[in-house]
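Chemist: Sequence and predicted model, in that order:
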Amino acid sequence: MKPIHLFIASLCLLGTACQQPPKESNAQLTKREIMQDFLSGKKHGDYVPAAFFMHFPAGVGRDAVYYHIRHLASSDMDLLKVQFEQHQPNINIETAKDWEQIRPLPRDFYAPTVGVVKEVVNIVGHNTMVLPTIYSPFQVLRMQIGIPAVIRWAKEDPDQVLRALNIYKEALLNFASDCKAAGVDGFFTPTQGGEVIYGEIPDFYEKFIRPFDLEVMTACNTGTHCNILHICDWEGPYDDLARFASYPGQIVNAPNVVAGQPFTPADAEKRFNRIALGGLERKGIITTGTPDEVTAAVKQIIQDNPGRLIIGAECTIDGRTPTANIRAAVRAAHGK
């Protein structure tokens, strides 16, 4: 376990949190100030913000705080997303009675994750915007019982699925409220359930996904100013993104391929009329290339997508991604 002073020392050594620079130079603005300007439509020369997110060895506790701060310090990126790693135990739903294992969660169930959020905000919040991840009710359930069970029971007994989704919705709304009380700037709000694999169930998205997504995301967006709508293709592709166009959020992070065709940040900006986060493939050059190759790729992305862009990947990158590659991507985005 890493003492708190080591977290702060690491940031000071890399110049990302502890300095209080003069305001005359754009290069000396804090990450928070740069992002505030960017969200309001102001750019600083050829500086393009950048952010990459990954899972860490520790989900909660002081080690989790350490890994988040180390990632921010080593990359020099412009936003810090706090991962959501508190998951329900896996259960096997074979009969209707098995659903009784899903019960309302205690009000403080997500307190360990809130604790990570609070400490991260306390350490870097004056310099950098902090966005906790908040899964959708569907994602919580899917991870607990598996996709085949969700599909089966959505057909056979949809009321059981709806009951579970409502239980997790209430817990997530409490989590969002506690994070806002901790002083976060917004949330990273993923959606799943609109992928092609669920198309065999009539009105699946309209019944089990959209209303729960919107209630949680609306709560997250209320009283905050930097929220990322993440359309997650981890479980499979999408044939259309139009259904998500009305979802809230100042930034959209969309798949790189939709309906079998490339979907660029410029496409996302136009479709959603907001800032686009992305450009790189999570399993592509950011993970497999050299720093020079990453630099060239980022410069090409910026050239091809001249609008409102934050350089990143379309989803969480591999935790084994070389730090040098992440740093190279961020430096290239910053025009260095």
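Modeler: Arrived safely.
Chemist: Which elements pack onto the longest helix seen in the chain?
Modeler: Across the chain, the longest stretch assigned as helix under DSSP state H is helix 158-181. Counting by 3 or more Cβ pairs under 8 Å, 6 or more residues apart in numbering; DSSP states H and E, the packing neighbours recorded for helix 158-181 are helix 111-124, helix 137-145, helix 147-156, helix 210-221. The C-beta positions use only the backbone N, C-alpha and C, and glycine is treated the same way.
Chemist: mind listing what's buried in the last one?
Modeler: Neighbour counts using 16 or more other Cβ atoms under 10 Å place 210, 212-213, 215-217, 219-221 of helix 210-221 among the buried residues.
Chemist: among the helices and strands packed on helix 158-181, which is nearest Arg282?
Modeler: With Cβ to Cβ as the criterion, Arg282 lies closest to helix 137-145 of these, at 17.5 Å.
Chemist: got the angle between the longest helix of the chain and helix 111-124?
Modeler: Here helix 158-181 runs at an angle of 30 degrees relative to helix 111-124 (axes from the mean of the first three to the mean of the last three Cα atoms, to 10 degrees).
Chemist: part of a helix, is Leu277?
Modeler: No. Under DSSP: H, G, I helix; E, B strand; the rest coil, Leu277 sits outside any helix and is assigned strand.
Chemist: what comes up buried for the longest helix of the chain?
Modeler: Going by neighbour count (16+ other Cβ under 10 Å), the buried part of helix 158-181 is 160-162, 164-165, 167-169, 171-176, 178-180.
Chemist: how about that helix as CSV, C-alpha atoms only?
Modeler: Provided in CSV are the C-alpha atoms of helix 158-181 (Å, rounded to 0.1, in the frame of the first residue of the first chain):
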residue,chain,number,x,y,z
PRO,A,158,-39.5,-9.8,-18.2
ASP,A,159,-40.9,-8.6,-14.9
GLN,A,160,-38.0,-10.4,-13.1
VAL,A,161,-35.5,-8.5,-15.2
LEU,A,162,-37.3,-5.2,-14.6
ARG,A,163,-37.3,-5.8,-10.9
ALA,A,164,-33.6,-6.4,-10.8
LEU,A,165,-32.9,-3.3,-13.0
ASN,A,166,-34.9,-1.1,-10.7
ILE,A,167,-32.9,-2.4,-7.7
TYR,A,168,-29.6,-1.6,-9.3
LYS,A,169,-30.9,1.8,-10.6
GLU,A,170,-31.7,2.9,-7.1
ALA,A,171,-28.2,1.9,-5.9
LEU,A,172,-26.5,3.7,-8.8
LEU,A,173,-28.5,6.8,-8.2
ASN,A,174,-27.3,6.8,-4.6
PHE,A,175,-23.7,6.3,-5.9
ALA,A,176,-24.1,9.3,-8.2
SER,A,177,-25.4,11.4,-5.4
ASP,A,178,-22.5,10.5,-3.1
CYS,A,179,-20.0,11.2,-5.9
LYS,A,180,-21.4,14.6,-6.6
ALA,A,181,-21.2,15.4,-2.9
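Chemist: would you list every one of the helices in the stretch 201-336 of the chain?
Modeler: Ranges of helices within the stretch 201-336 of the chain are 204, 210-221, 265-272, 285-288, 291-304, 323-333, based on DSSP state H, counting those that start in this stretch.
Chemist: Nearest residue to Gly193 in space, please, no chain neighbours.
Modeler: Closest residue to Gly193 apart from its sequence neighbours, by Cβ to Cβ, 6 or more residues apart in numbering: Ile209 at 3.7 Å.
Chemist: repeat for Asn256
Modeler: Excluding the flanking residues, the one nearest Asn256 by Cβ to Cβ, 6+ apart is Glu314, at 4.8 Å.
Chemist: what's around that neighbour, how many residues?
Modeler: Glu314 is flanked by 26 other residues according to other Cβ atoms under 10 Å.
Chemist: Then Gly319?
Modeler: 11.
Chemist: and the gap between the closest residue to it other than its chain neighbours and Asp159?
Modeler: Nearest residue to Gly319, sequence neighbours excluded (Cβ to Cβ, 6+ apart): Met54, at 4.9 Å. Distance of Met54 to Asp159, computed by Cβ to Cβ, to the nearest Å: 38 Å.
Chemist: Kind regards, and thank you for your time.
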